[in-house]
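Participant: just coords:
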């Protein structure tokens, strides 16, 4: 790497991309497992057939989040609002917890699926997934 004290080189990562993919993938996996853990605790007292239908709806929501969640930096205030809304719903929700479990399964799965994709890119299994990915 040629040292150039220019503006652009100030922000170039000093590690290889594979380590950036692994750290991002593990971070998103941890973020995705937390709401799935909440949802699984909320679904314990519910009968099995209801759990299956709620999990199926949550998985469909997760797939939708997976395909439509690539966002720019301008949507970060929306993400912050959604974090506070999630805390509010978990604490003061008028909805029963099994219905909230659908939302939490969808959000958790929506974080876990891209994490698995990112980790598989870092191992070179599927090749580039995103247009800005450079090998």
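Facilitator: Yes, it's here. These figures come from a predicted structure and were not determined experimentally.
Participant: in the protein, where is pLDDT below threshold?
Facilitator: By pLDDT under 70, the low-scoring segments of the chain are 1-13, 68-73, 121-135.
Participant: measure the residue most central in space within it to residue 25 for me?
Facilitator: When the chain is reduced to its mean C-alpha position, the nearest residue by Cα atoms, centre = their mean turns out to be residue 111, at 1.6 Å. Taking Cβ to Cβ, to the nearest Å as the measure, residue 111 falls 11 Å from residue 25. All C-beta atoms are positioned from the backbone trio N, CA, C, and that covers glycine.
Participant: quick one: buried residues of stretch 84-91?
Facilitator: residue 86 (16 or more other Cβ atoms under 10 Å).
Participant: from here on, call the first residue 378.
Facilitator: In the new numbering, first residue 378, that becomes stretch 461-468.
Participant: pretty sure residue 489 sits against residue 409.
Facilitator: Yes: counting by Cβ atoms under 8 Å, residue 489 touches residue 409, with 3.6 Å between them.
Participant: touching, residue 478 and residue 430? I think so.
Facilitator: No: using Cβ under 8 Å, residue 478 is not in contact with residue 430; the gap is 11.2 Å.
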